[in-house]
Each structure stands twice: as C-alpha cells, then as structure tokens.
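Colleague: Just the structure for this:
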Amino acid sequence: MKQMIYRRPVQAREDNRVHAVAFTGKIDRMMVSYENDPCCADLKKRLLSSMEMLVLDDYTHFILCDGTALDIFAAELVLQLRQKYSWVTLELVAAPGTALSADLRRRRNLLRTQADIVTLGCRSGSHRTDYMITGADVLLAVHDGRLDSVHSRLLTADDLGKQVTVIPPVINAIQSIRYHSCGRPAARKAWSMMAAGLVR
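Modeller: Numbers count the residues shown, from 1 in each chain. Modelled structure (predicted):
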C-alpha cells in the first residue's frame, strides 16, 4: 500500500489523536442517473448536515473510497466542508471505478488532485473496506436496511466497537428500515441514525 500525503490530518486537542470517519453506502441507480432529482439533492443535503455535525464533534478526517457515484458525491461534500472548516481533511482510497460514467470518472480524477491524502494499493474491495473501517472511529453509511454488502460493513464496524451512523437514502425509507441483528442480543448498543427530524 502506498500513500501520497499532501496535508496531514489534524489531531484533536483533548487526546492528541486524529478522529476519523469512514464512509460507505449504496443508492438506487436512478438517483445516480438523475443527480438533480429532488431525492438525490435531499440525500446530499442530509449527508452534508451529518458530516458537519461530525466535524463539530471533532471528527475531522474523512476516509472515502472513490469507486462509486455515491462515494464521489460524498467526497465532493467533504471538500465543501473543507472550504468552511480548513482543518477538515479528505483521504481517498483509490478504486478502479470501472462502471463510472465519463463525467464521474472526470470528477473522480479531479478529486484525486484535491484530496489531502490518496491511498493506493488496496486492490480488492474487502481490503479497501478493512483499511477504511479499522482506521476510523465512526462509520457513516447510507443504507436502506437491506441484507447487502453495506449491511455487512455495518456489522463489521459494530464488532470493532466503532460508532455507526446510518442515513436512509430517501426520507420515506425511515419507517421501513430494519436492522437485522443476526442473532445478536437486543441489548447490543444501538446504531445512531441521522436524517431530517432525527437527532444523533
């Protein structure tokens, strides 16, 4: 694994360590195809708000892959926050992104020139996921409650004692979200959810 470091993350004053957030998620292809659709715009607004709340809680280093449209949307939001909070840092974990459109590939390439750290050499998706989750304090996820790869990452983060924050991809999914405990006791610590009307 190789890193290109242009600016190092800032350490929190209370414990002299970097407080990091990893990001994962999945959205419907229609939201990718129609990025200006109100549902996609609303998700970006809620995601930005969630990220800003984390920044205000001293979680200022964001670790994101760049292999999907949602990853790219999220990374662009981190850069927006960096304009407002200069101590925010963005680390991109490079991924092939072979399914990206030409526009998204262009935006991904631009992000790699704007990121504070670019991490190379995580060849597989599982390697990238392990690197991001183990290196973070919080896993921020866009998830609709399905038993999919994102759900598996949530469980992995929970097993590692990470704080997990979940944002529904669309606001009306809040009522239908189900977190499957896979036989875990009900006393398991709850995962926090951020969305309009919900407070972390």
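Colleague: List the residues that contact residue 18.
Modeller: With contact taken as CB atoms under 8 Å, 6 or more residues apart in numbering, residue 18 is in contact with 9, 10, 11, 12, 60, 61. For glycine as for every other residue, the C-beta is placed from the backbone atoms N, C-alpha and C.
Colleague: switch the cut-off to 6 Å
Modeller: Residue 18 makes contacts with 9, 11, 61, as judged by CB atoms under 6 Å, 6 or more residues apart in numbering.
Colleague: Tell me, what's the model's pLDDT at it?
Modeller: If you check residue 18, the pLDDT there is 90.
Colleague: what helices or strands is the top helix by length along the chain leaning on?
Modeller: Using DSSP state H to assign secondary structure, the helix with the most residues in the chain is helix 38-56. Where contact means 3 or more CB pairs under 6 Å, 6 or more residues apart in numbering; DSSP states H and E, helix 38-56 is packed against helix 69-84.
Colleague: Which strands or helices does the helix it packs on pack on?
Modeller: When contacts are defined as 3+ CB pairs under 6 Å, 6+ apart, helix 69-84 packs onto helix 38-56, strand 61-65, helix 102-114.
Colleague: now it and strand 61-65, what's the angle there?
Modeller: Interaxial angle of helix 69-84 relative to strand 61-65 (axes from the mean of the first three to the mean of the last three CA atoms, to 10 degrees): 160 degrees.
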